[in-house]
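Novice: Need a 3D model of the sequence below.
(one chain, ligands or ions: 1)
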Amino acid sequence: MAQIKLQNVEDYYEIGEVLGSGHFGQVRAVLERASGVHWAGKFLKLRRSASSRLGLEKKSVETEVEILQSLQHANVMALRDVFESRAEVVLIVELISGGELFDFIAEKESLSEEEAIEFLKQILMGVGFMHTKNIAHFDLKPENIMLADKTIPHPHIKIIDFGLAHRFKQGEEYRSLSGTPQYISPEVINYEPLSEAADIWSIGVITYILERMTADECLVHPWIKPLTRKQADNRSRSSINMKSFKKFNAKRKWKMSYNMVWACNRLFRLQLQCKSRSQEDPELRQCESDQEDTETKPASLIRRRLSSSS
Ligand code: ATP
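Specialist: Numbering: from 1, shown residues only. Now for the predicted structure:
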């Protein structure tokens with residue numbers, strides 16, 4: 001397990017080219033002086049004061065380190081070393097030289113179902129392993145799914161960026177609005193208590209992008225049309241999770257009623273405004289119904305703003 005070192009990282013590693021960058025720093029190629037082995041260094045700037053908006057809070061870097069230390073799996077980026085100075089923390093991690101999975105796919109002429117399934121299986125194995133340790137990634141998206149080496153026939157998936165990951169404690173209620181809008185689950189948007197299931201939503205979105213089928217293809221998919229007796233038997237034995245479904249449906253109905261009441265109230269208020277204005281100014285016949293009511297925006301609009309600013 002990596003111990004946090006207080007020495008200068010450059011005493012141990014030669015710093016090379018920039019491989020990528022994120023919100024809080026850069027990832028650079030590094031060469032271990034003692035062994036000559038190539039690694040990647042993730043340089044994270046630390047927040048200088050509590051009031052500063054630049055850099056990361058030390059606590060969140062410590063969480064990322066602690067989570068990476070406990071995740072040793074073939075499909076998860078490995079952590080080698082950690083260096084800390086007053087201004088930054090440097091994570092020395094395995095060098096992942098195959099680039100992003102989606103860039104690799106985009107360069108190909110075609111992607112067979114089998115290849116897509118193989119990639120998805122590896123993503124699920126990595127994520128499944130995290131979940132057995134009560135860790136959720138909370139930022140699964142194509143940019144964070146890389147390939148160890150894209151030149152080999154069956155490239156190996158590596159999941160990166162544990163900056164938003166969280167380890168659940170027994171009975172803990174954890175909420176967060178962070179993540180990437182296209183891939184975050186409804187419970188993140190609704191600021192509800194989260195679980196590892198939020199990752200499965202993101203994997204669903206990624207899968208949908210990889211395998212978007214036509215209606216005809218859907219109709220012959222084994223989930224609808226089993227190919228073998230075993231698939232048919234499995235299907236007849238399994239059932240939809242009715243508890244989740246009923247909860248979802250009740251919430252949907254409640255939101256519809258809420259929106260209806262909100263719309264009625266707004267119409268009523270507009271009517272009143274219209275009446276009082278036409279009494280003040282008899283020439284005014286039209287009511288400016290498209291004016292923004294800033295105090296009473298529908299919940300869905302407020303939420304969209306929150307998620308897009310994260
Ligand atoms: P974000 O702002 O998305 O949270 P971040 O600051 O946490 O990003 P990462 O997502 O971990 O940083 O890395 C930024 C980029 O650096 C990645 O998109 C990838 O291109 C590159 N990168 C990250 N880790 C490695 C690695 N181990 N090997 C090679 N390149 C890497």
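Novice: List the buried residues of stretch 120-132.
Specialist: Neighbour-count burial for stretch 120-132 flags Leu120, Gln122, Ile123, Leu124, Gly126, Val127, Phe129, Met130, His131 (criterion: 16 or more other C-beta atoms under 10 Å). C-betas here are computed from N, CA, C, even on glycine.
Novice: now Pro226, nearest residue through space, not along the chain?
Specialist: Spatial nearest neighbour of Pro226, chain neighbours left out: Ala232 (4.0 Å); criterion: C-beta to C-beta, 6 or more residues apart in numbering.
Novice: ok but that neighbour is inside a helix, no?
Specialist: Yes. Counting by DSSP: H, G, I helix; E, B strand; the rest coil, Ala232 is located in a helix.
Novice: how much space between it and Glu88?
Specialist: Using C-beta to C-beta, to the nearest Å, Ala232 is found at 57 Å from Glu88.
Novice: who has more neighbours, these two?
Specialist: The residue with more neighbours, out of Ala232 and Glu88, is Glu88; 17 against 13, by other C-beta atoms under 10 Å.
Novice: Is that one bridged to anything, and to what?
Specialist: Lys45 (DSSP bridges).
Novice: In contact with it: list those residues for me.
Specialist: Contact analysis of Glu88 by C-beta atoms under 8 Å, 6 or more residues apart in numbering lists Gly25, Phe43, Leu44, Lys45, Leu46.
Novice: how near is it to Leu111?
Specialist: Distance of Glu88 to Leu111, computed by C-beta to C-beta: 39 Å.
Novice: partners of whichever strand in the chain runs longest, with directions?
Specialist: Criterion DSSP state E: the longest strand present in the chain is strand 13-22. Sheet pairing of strand 13-22 (DSSP bridges) gives strand 25-32 (antiparallel).
Novice: List the buried residues in the partner strand.
Specialist: Burial within strand 25-32, assessed by neighbour count using 16+ other C-beta under 10 Å, is assigned to Gly25, Val27, Arg28, Ala29, Val30, Leu31.
Novice: Need the per-residue pLDDT for the residue lying closest to Gly16 once chain neighbours are set aside.
Specialist: Leaving aside its sequence neighbours, Gly16 sits nearest to Ala29 (C-beta to C-beta, 6+ apart; 3.7 Å). pLDDT, Ala29: 98.
Novice: for Glu100, same thing?
Specialist: On the pLDDT scale, Glu100 gets 94.
Novice: so where's the stretch 1-150 of the chain shaky on pLDDT?
Specialist: 1-2 (pLDDT under 70).
Novice: what does it have sitting close to the ligand?
Specialist: Applying C-beta under 6 Å from any ligand atom, we find that the stretch 1-150 of the chain lies next to the ligand at 19-25, 27, 40, 42, 77, 93-96, 143.
Novice: Among those, which one has the most neighbours?
Specialist: Using other C-beta under 10 Å as the neighbour criterion, Lys42 leads those with 28 neighbours.
Novice: For that one, pull up the helix or strand it's in.
Specialist: strand 38-45 (DSSP states H and E).
Novice: what's that strand packed up against?
Specialist: Contacts defined by 3 or more C-beta pairs under 8 Å, 6 or more residues apart in numbering; DSSP states H and E place strand 38-45 against strand 13-22, strand 25-32, strand 88-94.
Novice: Go through it and flag the buried ones.
Specialist: Neighbour-count burial for strand 38-45, counted by 16+ other C-beta under 10 Å, picks out Trp39, Ala40, Gly41, Lys42, Phe43, Leu44, Lys45.
Novice: quick one: which of those residues is nearest the ligand?
Specialist: Using C-beta to the nearest ligand atom, Ala40 comes nearest to the ligand of the buried residues of strand 38-45, at 3.7 Å.
Novice: unless I'm mixing things up, that closest one is touching Leu95, no?
Specialist: Yes. Applying C-beta atoms under 8 Å as the test, Ala40 and Leu95 come out as touching, 4.6 Å apart.
Novice: Identify the contacts common to the two.
Specialist: Taking C-beta under 8 Å, 6+ apart as the criterion, Ala40 and Leu95 both touch Ala29.
Novice: May I have stretch 231-244 exported as CSV, CA atoms only?
Specialist: Coordinates of each C-alpha in stretch 231-244 appear next as CSV, following Å, rounded to 0.1, in the frame of the first residue of the first chain:
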residue,chain,number,x,y,z
GLN,A,231,-32.5,-18.2,-21.7
ALA,A,232,-36.2,-18.8,-21.9
ASP,A,233,-36.1,-20.6,-18.5
ASN,A,234,-34.1,-17.8,-16.9
ARG,A,235,-36.5,-15.3,-18.2
SER,A,236,-39.6,-17.1,-16.9
ARG,A,237,-37.9,-17.3,-13.5
SER,A,238,-36.9,-13.7,-13.1
SER,A,239,-39.2,-10.8,-12.4
ILE,A,240,-39.2,-7.0,-12.5
ASN,A,241,-38.2,-5.3,-9.2
MET,A,242,-41.7,-4.1,-8.3
LYS,A,243,-40.6,-2.3,-5.1
SER,A,244,-38.4,0.1,-7.1
